[in-house]
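In: Sharing a model that was predicted from the sequence below.
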Amino acid sequence: MRRGTLLWRTIGFISLVSTLLFLCGFGIALKDIIAPSDRTPFYADNEAESGSGSGAGASQVIRVTALGDSLTKGTGDSKGEGYVKQSVKLMEDKYDKPVKLMNNLAINGLRADQLNDKLTNDKGFRLAVSEADIILMTIGGNDLFQYAQGQGEEEGDDEDVQRSAGRSGELSLEELQENMTEGVKRLEHTIDLLNEINPKARVVYVGLYNPFYDVEDLRDGSIQVQEWNRQVYAVIHRYPNMRLVPTFDLFEANISRYLSSDHFHPNHEGYSAIAERIVQSLD
Amino acid sequence: MNSIMPLIRNETVKVWKKKRFLVVIAVLLVLIPVFTYAQMKISLSNRESFTDWRLQLQQKITDYQNQLSSERIPEEWKRYRRIAVQQMQYYLDHNVNPDSPNAVTFTRGFMDASVSMFIPLLVLAIASDLVSGERSTGTMKMLLTRPVRRWKILLSKFIALTLYVSLLLLTTVVLSYLIAGLVFGYGGWSLPVFTGFVVHGSEVDSSAVHPVPQWMYLLMMTGLVWISAMTIACLALMVSVLVRSTAASIVTMMAAIIAGSILSAMASSWESAKYIFSVNLELTNYLAGSPPPIDGMNLLFSLAVLGFWAVSALIVSFTVFTKQDMLN
């Protein structure tokens, strides 16, 4: 019976103590959820901010960050690579060094002003930009072809862009002009922000193309697209570490070969053509 | 009081001798290493693609944001995603890693994941044959011939069950900490965890958010899990009194629990489902600030529902147990 006593005492004691402990925990939780008293503001320690630690190893690996809209996301590529992953592969061949895609932070339907907001406020975006050696970016298409200000405001759906782009014929010239002035201003800010966060990184901006070159009524859109690219180049050429890679010509003669079934985004081949251009532009 | 202590002692030792608790420990010893291994695989592959947890978190946020713009995802999911994005952003803004790999974080995740199914299952393993087991083996008549009131016998069983529920949770926490620590290291007690996110629709109000050290969070969480587990224990006791065979009593309880977890996953449109106990088991959600399965649920509501079910179950158990005929 001694063993029974010991067993009972052990189980009884441990269980009783843990019951009390859990009841305490429950009490604290109840109080914490219903009437949180401890509202001392939390100060993040920024110790790790600069010390990413890679230091010496950094020159061994080329680090790539991709920013932008659905094109950078790779929408339309049935293999899911987009131009970003394909350029990373090509860069590996070119430099004969490991190239690491750190982040692809593209969001479908993103506009330049939204990107600016993220680059200003989001620590994650700033960190990803500051640690990159190469930054790949597409932005502006959604700014340019948004046919009523505030229309795409809610969530910035990609669908909005396609719809508005599809009706770019209806988008009056004046509206387009307005969008362009506003859009270039936003992009100028983006470029400045990138330069401020990481002045050393090589930035490649992928120019716009007209996905409706083959539609008779919409062919003139190319002129607007070209005007956009010209104005953007005027901004980009201020910084010697930044490049604008033209893509409009790819999607003129080969438009059916390079566009995906949504007739807006490139397909896998279209993205490889863009990736090739990007890698050619890098020194 | 004098006469109940020996009874409790008797019941406690009896449960131990039946080796049910050893089965529970064996289950834990198999399952926790499995989850630890899976978790290790995940963090290894993450370490391969991301050098910095902040970049990884940012990528996760961006991926979620992309899913938000997809037309094919139901509005319900988007709401969860939107809330998750805002919470992750809060962590990122405050430079706190929400899932830094260590044993305490693992334990926290494990308890969180097991509150709705796994812990109830383990509770059932102990509770289901408390009364029905005595009937099928015939020892119940022996017990009842003693000069002790019936309600005292059931009360002693209930107290023994309570002790085992606590022991069970303690064992789960300790084992998962010890096993995960082998892989992830034993640190992480003092890391900050944010609590106090208030969800309104798909917006998160973070004005009441405050950091608590992870040990405190774990303590609060286990306290909430204990309440859920005790509700299950009360219900299982009732079923065990009502049903003659142990198998039937386990199946009945499991069916109820599984039904609840399916309901909470799919049915926010059926609002009165929130009065079912098994929809309310995930009390830990309120601590983490995850949206409740059905609108209008909050901690007090869930506690009231669970409390109502538990008390009703106890009343039924005691009434039936003291009145019924012990035939077989």
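Out: Noted; the coordinates are in hand. Numbering: from 1, shown residues only, chains lettered A, B, ... in the order given.
In: Quantify the burial of the closest residue to chain A within the stretch 101-250 of chain B by counting its neighbouring residues.
Out: Relative to chain A, the nearest point of the stretch 101-250 of chain B is residue B:223 (2.8 Å; CB to the nearest CB). No exception for glycine: its C-beta is placed from N, CA and C like everyone else's. Residues near residue B:223, counting by other CB atoms under 10 Å in any protein chain shown, number 23.
In: check which helix or strand covers it.
Out: helix B:214-242 (DSSP states H and E).
In: list the buried ones in that helix?
Out: B:214, B:216-242 (16 or more other CB atoms under 10 Å in any protein chain shown).
In: what's the nearest residue to the residue of the stretch 101-250 of chain B closest to chain A if we skip its chain neighbours?
Out: Nearest residue to residue B:223, sequence neighbours excluded (CB to CB, 6 or more residues apart in numbering or on different chains): residue A:25, at 2.8 Å.
In: Just the CA atoms of stretch B:190-201, as CSV, please.
Out: The C-alpha coordinates for stretch B:190-201 follow below in CSV (Å, rounded to 0.1, in the frame of the first residue of the first chain):
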residue,chain,number,x,y,z
SER,B,190,11.0,36.0,-22.7
LEU,B,191,10.4,36.8,-26.3
PRO,B,192,7.5,39.3,-26.8
VAL,B,193,4.2,38.2,-28.2
PHE,B,194,1.5,40.6,-29.1
THR,B,195,-2.0,40.2,-27.8
GLY,B,196,-5.0,42.4,-27.7
PHE,B,197,-5.8,42.7,-31.4
VAL,B,198,-9.5,43.5,-31.7
VAL,B,199,-11.2,42.4,-34.9
HIS,B,200,-14.0,44.5,-36.3
GLY,B,201,-15.3,43.0,-39.5
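In: who's in contact with it?
Out: Stretch B:190-201 has contacts (CB atoms under 8 Å, 6 or more residues apart in numbering or on different chains) with A:32-33, A:36, A:42, B:79, B:83, B:87, B:90-91, B:94, B:96-98, B:100, B:102, B:104-105, B:108, B:204-215, B:217, B:220, B:287-292.
In: Go ahead and build a PyMOL selection from the buried members of those residues.
Out: To isolate the buried subset of these in PyMOL, counting by 16+ other CB under 10 Å, use the following:
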select buried, (chain A and resi 32+33) or (chain B and resi 79+83+87+90+91+94+96+97+98+102+104+105+108+204+206+209+210+211+212+214+217+220+287+288+289+290+291+292)
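In: can you give me the strands in the stretch 51-200 of chain A?
Out: Remark: strands assigned in the stretch 51-200 of chain A by DSSP state E, counting those that start in this stretch are A:62-68, A:99-104, A:134-138.
In: So what does residue B:195 look like in phi/psi?
Out: Backbone torsions of residue B:195, given as degrees, to the nearest 10, read phi -140, psi 160.
In: per-residue pLDDT, it?
Out: Note for residue B:195: predicted pLDDT of 86.
In: what's across from it in the sheet?
Out: residue B:210 (DSSP bridges).
In: so how far is residue B:224 from it?
Out: In this view, residue B:195 and residue B:224 are 12 Å apart by CB to CB, to the nearest Å.
In: what do you get for residue B:55?
Out: According to CB to CB, residue B:55 stands 33 Å off from residue B:224.
In: which parts of the helix or strand of chain B with the lowest mean pLDDT are buried?
Out: Sorting the helices and strands of chain B by mean pLDDT, DSSP states H and E puts helix B:139-145 at the bottom, at a mean of 79. For helix B:139-145, burial by neighbour count (16+ other CB under 10 Å) applies to B:140, B:143.
In: elements contacting that helix?
Out: helix B:150-184 (3 or more CB pairs under 8 Å, 6 or more residues apart in numbering or on different chains; DSSP states H and E).
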